[in-house]
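Asks: Fold the stuff below for me.
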Amino acid sequence: MLSRLMRRLLLGQIVIGALLGGLLAWQTGATRWLVVLMALALPLLGVLLVVITIALNSRVPGANSRWLRSLLFEYAAMVRASLWQLPWARTTQVAMPAPGATMGTPVLLVHGYLCNHRVWDAMARQLNNAGHPVMQIDLEPVFAPIDSYAPQVEQAVSELCSQTGAAKVALIGHSMGGVVIRAWMRAFGTARVYRVITLGTPHAGTQVARRTRTPNGQQMVWRSAWLQELEKSESPQTRALMRIALTPQDHIVYPQREQVLPGVPVTVFDGLGHLELCGNRAVIAWVLQQLDDPVVPA
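Replies: Prediction:
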């Protein structure tokens, strides 16, 4: 599981930081609190280096203060995810609204590459407070082909329908989760789909994946054959169910403005980072609005 891998990585960083702190304290005669400081600082520094590297690689010409804002808030989101959320994931179940609440459309949340369901903490809480039954899944194995995740989504949709009695559900995917949902629709159809919402999804692929060697990473390379075949398989009726949200400051999925599909409405959230799309208040409010709007057939 990804959470186990993340815990080991975090523990390794803390141990290395403590050893470096102990070495500095021994050589300089500094207080032993330096050991604690270095143990805590190394994981934070590691996240900072990752964020700065990917942000500089994806930065478009003429980037303004909103790019800097996205960098700062994306760092905060990645610290929260990598140190607090992802390493401590547990088995999930359907979260039902409070007794007496008017029940809305059930929602299935599908995470992205190198993530698990904990990235949805804020989104799931707000959806549930608004009356939506919510289910989150973990896509395993971490580096499997995207089509292999479709049966997992099918099982989750069936369980969500069974537990809520609903005939249709809404599916929300972040990053790779969006193309996982599309792969599921290609394999299992759209009869139980009320709405599909994608956040920061590489519908056209991303240049950040150029050097990846994992099966799912290669499928998300910019203009990959797999993505083009997926696009050709979709009908106007399928596209009518979909909504896309993207940010021009996406540090992972770029070229940012190219992540669109013919016939699918696009909403742009300026100044946000890639991971921030999962928990930003404006994005959550937009998602709730999309769930309330009726679906207009193509």
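
Asks: Give me the buried positions along the lowest-mean-pLDDT helix or strand in the chain.
Replies: For the chain, using mean pLDDT, DSSP states H and E, the weakest element among its helices and strands is helix 2-28, scoring a mean of 80. Buried residues in helix 2-28, defined by neighbour count with 16 or more other Cβ atoms under 10 Å: 2-3, 6, 10, 13-14, 17-18, 20-21, 25. For every residue, glycine as well, the C-beta is placed using N, CA and C.

Asks: which secondary structure elements does whatever helix or strand comes next after it contact?
Replies: Going down the chain from helix 2-28, the next helix or strand is helix 33-58, by DSSP states H and E. Counting contacts by 3 or more Cβ pairs under 8 Å, 6 or more residues apart in numbering; DSSP states H and E, helix 33-58 is packed against helix 2-28, helix 65-79.

Asks: okay, the angle between helix 33-58 and helix 65-79?
Replies: On the basis of axes from the mean of the first three to the mean of the last three Cα atoms, to 10 degrees, helix 33-58 is oriented at 130 degrees to helix 65-79.

Asks: How far does helix 33-58 sit from its chain's centre?
Replies: 21 Å (Cα atoms, centre = their mean, to the nearest Å).

Asks: Helix 2-28 and that helix, what's the angle between them?
Replies: If you take the same axes, to 10 degrees, helix 33-58 sits at 120 degrees to helix 2-28.

Asks: what comes up buried for helix 33-58?
Replies: Neighbour-count burial for helix 33-58 [16+ other Cβ under 10 Å]: 34-35, 37-43, 46-47, 51, 54-55, 58.

Asks: Over to stretch 220-238?
Replies: 220-222, 224, 226-227, 230, 234, 238.

Asks: May I see the residues you listed organised as JSON lines, with secondary structure and distance to residue 150 added?
Replies: JSON lines is the format used below for the buried residues of stretch 220-238 (DSSP: H, G, I helix; E, B strand; the rest coil; distance: Cβ to Cβ, whole Å):
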{"residue": "220", "secondary structure": "coil", "distance to residue 150": "16"}
{"residue": "221", "secondary structure": "strand", "distance to residue 150": "20"}
{"residue": "222", "secondary structure": "coil", "distance to residue 150": "23"}
{"residue": "224", "secondary structure": "coil", "distance to residue 150": "17"}
{"residue": "226", "secondary structure": "helix", "distance to residue 150": "13"}
{"residue": "227", "secondary structure": "helix", "distance to residue 150": "15"}
{"residue": "230", "secondary structure": "helix", "distance to residue 150": "11"}
{"residue": "234", "secondary structure": "coil", "distance to residue 150": "14"}
{"residue": "238", "secondary structure": "helix", "distance to residue 150": "14"}
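
Asks: Between the residues you listed, which sits nearest residue 130?
Replies: Residue 130 lies nearest to residue 238 out of those, by Cβ to Cβ, at 26.1 Å.

Asks: circling back to that earlier point, on contacts alone, who are the packing partners of the least confident helix or strand of the chain?
Replies: Going by 3+ Cβ pairs under 8 Å, 6+ apart, helix 2-28 lies up against helix 33-58.

Asks: for the record, mean pLDDT for the helix it packs on?
Replies: Mean per-residue pLDDT for helix 33-58: 82.

Asks: Work out for me the element residue 123 sits within.
Replies: Residue-wise, residue 123 maps onto helix 121-129 under DSSP H and E.

Asks: Next, the buried residues of stretch 268-288.
Replies: 269, 271-280, 283-284, 286-288.

Asks: nearest to residue 196, of the residues you listed?
Replies: residue 287 (11.6 Å).

Asks: Distance of that closest one relative to residue 153?
Replies: Distance of residue 287 to residue 153, computed by Cβ to Cβ, to the nearest Å: 18 Å.

Asks: And the helices and strands packed on helix 33-58: which comes nearest residue 292?
Replies: That would be helix 65-79 among these, by Cβ to Cβ, at 26.2 Å.

Asks: For that closest one, name the packing helices and strands.
Replies: helix 33-58.

Asks: how about the strands in the stretch 151-298 of the chain?
Replies: 169-174, 193-199, 242-246, 266-268 (DSSP state E, counting those that start in this stretch).

Asks: Deepest-packed of those, please.
Replies: Highest mean neighbour count of these: strand 169-174, a mean of 26 (counted as mean count of other Cβ atoms under 10 Å).

Asks: Fine by me, thanks again.
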